[in-house]
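# Quick check, what structure comes out for this input:
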Amino acid sequence: MAKLSPDNHLSGSQLAAYMGHSPWQDAYDVLLRARESLEGKPRPELDSLQVDMGDATEDVTLQRGCRLVGLDPDQIATHSHTEAKKHPLIELYYSDDGLHSIPDDEPVTFKTDEAAGIYVMTRSGQLDVSGKIVLEAKFTTTPQRENDPPLYRGTIQVQAGMMCHNAHTGIIFTNYAGRRITAHIYPSHSQTQSAIKSAVNDFERHMAAGTWPEPRSPEEAAKLHPAPKETEEEIELDADLAEAVRNYQAATDAIKNAEDIKAETQATIMAALGSNSRGRIIAGNTLYHVSWPTRNYKAKPAECCPSCSHVIKPGTEAKSVRQKTITIKEQNDG
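The predicted structure follows:
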């Protein structure tokens with residue numbers, strides 16, 4: 001569902017970014033947008049084919065997802081099509097994709113079935129469910145991975161939905177580019193929900209004070225301090241920073257030493273391979289497959305002016321270039 005929550009408060013879809021789990025946004029982006037909304041600035045237009053595809057396929061993903069886990073797709077409901085659901089105690093908002101409900105006296109037991117694409121996120125791989133269920137529909141073109149879904153693709157969001165709806169179960173249906181739909185079934189998770197509550201309180205504190213959180217990365221530090229002062233005067237820093245300086249220097253030296261070792265050992269392996277592309281090394285119960293690939297380039301004809309046949313760009317001959325890196329695959333036979 002499209003975002004219905006107010007931009008000057010945290011919503012389920014923004015939590016991953018504010019909590020530092022999004023590869024595309026961070027806490028500074030979320031706070032900046034919230035402050036811009038108070039200034040009357042409209043939301044920036046989002047021109048994304050993947051987002052449009054997610055919106056267009058949301059109903060199909062929900063319906064097929066429900067059928068996958070044995071829920072009646074005709075019973076999918078929603079809180080509202082015009083406003084988000086607010087948490088009763090904190091400034092947290094949630095726009096649900098869908099809601100479902102199982103009678104308290106007729107609980108259903110969900111069990112992991114990897115072949116079917118059903119994953120129950122408990123240690124036992126099963127969960128007895130009754131009451132309200134929060135449904136999230138996600139669309140992605142990224143191939144399925146072992147640890148899906150990542151924190152930024154609904155995992156934190158669905159916990160926020162459970163908090164706002166006072167539900168104890170949430171399901172993320174992931175549509176992999178129309179090729180497969182998986183269901184990840186989550187119980188409410190107290191530690192995650194406690195972290196969400198802390199993030200909401202932190203956000204509201206910064207909004208009220210006009211402050212920013214301490215940076216968690218060099219990128220965030222650059223956003224917090226985008227331009228230096230004109231003066232070049234050296235300032236006195238706290239002596240407690242000496243440990244951070246030493247740790248930084250040690251990490252830099254360790255990276256350089258590791259890169260040197262990597263280059264030296266790679267050259268040794270390349271020399272052993274010689275003109276061969278692949279080799280194997282047997283060490284006890286471990287088998288290493290080593291390859292030194294070659295990149296092949298096709299011949300390209302010259303590009304000529306269509307009017308005078310003048311050569312604009314000369315052609316190139318077909319060629320093969322040995323790559324400067326090797327790949328190693330490790331196989332353990334127990």
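
# Return the set of residues that bridge with L10.
Here L10 sits in beta bridges with L92, going by DSSP bridges.

# after the worst-scoring helix or strand of the chain on mean pLDDT, next one along is what?
Least confident helix or strand of the chain, by mean pLDDT, DSSP states H and E, is strand 311-313 with a mean of 80. Later in the chain than strand 311-313, the nearest helix or strand by DSSP states H and E is strand 319-322.

# Just the residues contacting that following strand, thanks.
Applying Cβ atoms under 8 Å, 6 or more residues apart in numbering, the contact partners of strand 319-322 are 292-297. Heads up, the C-betas are built off the backbone N, CA and C, glycines and all.

# Which of those has the largest number of neighbours?
W292 (21 neighbours; other Cβ atoms under 10 Å).

# contacting residues for that residue?
Going by Cβ under 8 Å, 6+ apart, W292 touches 269-270, 273, 276-278, 322-323, 326.

# Low-confidence ranges, the protein, go.
The model of the chain has pLDDT under 70 over residues 1-2, 333-334.

# Could you list the domains of it?
Domain ranges of the chain: 10-209, 265-332, per automatic domain parsing.

# ok, and what's touching the longest strand seen in the chain?
Secondary structure of the chain per DSSP state E: the longest strand is strand 131-140. Residues outside strand 131-140 that contact it (Cβ under 8 Å, 6+ apart) are 50, 53-54, 57-58, 61-62, 65-66, 71, 76, 96-102, 104, 149, 153-154, 157-158, 161-162, 165-177.

# So how do I select the buried members of those residues in ChimeraX?
Only the buried entries of the contacts of strand 131-140 go into this ChimeraX selection, using 16 or more other Cβ atoms under 10 Å:
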select :53,54,57,58,61,62,65,66,71,76,96,97,98,99,100,102,149,153,154,157,158,161,162,165,167,168,169,170,171,172,173,174,175,176
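
# Just the ones in strands from the contacts of strand 131-140, please.
Counting by DSSP E, the contacts of strand 131-140 place 98-102, 169-176 in strands.

# before we move on, the earlier item: for the least confident helix or strand of the chain, name the packing helices and strands.
strand 303-304 (3 or more Cβ pairs under 8 Å, 6 or more residues apart in numbering; DSSP states H and E).

# distance of A209 from G40?
To G40, A209 is 21 Å away according to Cβ to Cβ, to the nearest Å.

# Could you export stretch 91-109 as CSV, CA atoms only?
Output of stretch 91-109 as CSV, limited to C-alpha atoms (Å, rounded to 0.1, in the frame of the first residue of the first chain):
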residue,chain,number,x,y,z
GLU,A,91,4.4,8.2,17.5
LEU,A,92,4.7,5.2,15.2
TYR,A,93,2.5,4.8,12.2
TYR,A,94,1.9,1.8,9.9
SER,A,95,0.2,1.5,6.5
ASP,A,96,-0.6,-2.2,6.1
ASP,A,97,-0.7,-4.0,2.8
GLY,A,98,-3.3,-6.4,4.3
LEU,A,99,-4.7,-7.9,7.4
HIS,A,100,-6.1,-11.4,8.1
SER,A,101,-7.6,-13.0,11.1
ILE,A,102,-7.9,-16.5,12.6
PRO,A,103,-10.5,-17.2,15.2
ASP,A,104,-9.1,-17.7,18.7
ASP,A,105,-10.9,-21.0,19.2
GLU,A,106,-9.6,-22.3,15.8
PRO,A,107,-5.8,-21.8,15.8
VAL,A,108,-3.8,-22.8,12.8
THR,A,109,-0.4,-24.4,13.0
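
# I'd like the next helix or strand past the longest helix along the chain.
The residue-count maximum for a helix in the chain (DSSP state H) belongs to helix 242-273. As assigned by DSSP H and E, the chain's next helix or strand after helix 242-273 is strand 278-283.

# neighbouring strands for the helix or strand that comes right after that next one, and are they parallel or not?
Per DSSP H and E, strand 278-283 leads on to strand 286-291 as the next helix or strand towards the C-terminus. If you go by DSSP bridges, strand 286-291 pairs up with strand 278-283 (antiparallel), strand 327-332 (antiparallel).

# and the following helix or strand past strand 286-291, what does it pack onto?
Moving toward the C-terminus from strand 286-291, the next helix or strand (DSSP H and E) is strand 294-297. In terms of contacts (3+ Cβ pairs under 8 Å, 6+ apart), strand 294-297 is packed against strand 319-322.

# ok so, going back, most neighbours per residue, which of the domains of the chain?
Mean neighbour counts were compared across the domains of the chain using mean count of other Cβ atoms under 10 Å; the top stretch is domain 10-209, at a mean of 17.

# Return the distance of that domain from the chain's centre.
Average the C-alpha atoms of domain 10-209, do the same for its chain, and the two points are 13 Å apart (Cα atoms, centre = their mean, to the nearest Å).

# Which element, helix or strand, includes L31?
Secondary structure assignment for L31, by DSSP H and E: helix 27-38.

# And the contacts of that helix?
6-10, 14, 17-20, 43, 203, 206-207, 212-213, 216, 220, 223-224.

# Pull that helix out as CSV, backbone CA atoms only.
Output of helix 27-38 as CSV, limited to C-alpha atoms (Å, rounded to 0.1, in the frame of the first residue of the first chain):
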residue,chain,number,x,y,z
ALA,A,27,18.8,8.3,9.8
TYR,A,28,19.9,11.7,8.4
ASP,A,29,17.8,11.2,5.2
VAL,A,30,14.7,10.3,7.3
LEU,A,31,15.1,13.2,9.6
LEU,A,32,15.8,15.6,6.8
ARG,A,33,12.6,14.6,5.0
ALA,A,34,10.6,14.9,8.2
ARG,A,35,11.8,18.4,8.7
GLU,A,36,11.2,19.4,5.1
SER,A,37,7.6,18.1,5.5
LEU,A,38,7.1,20.5,8.4
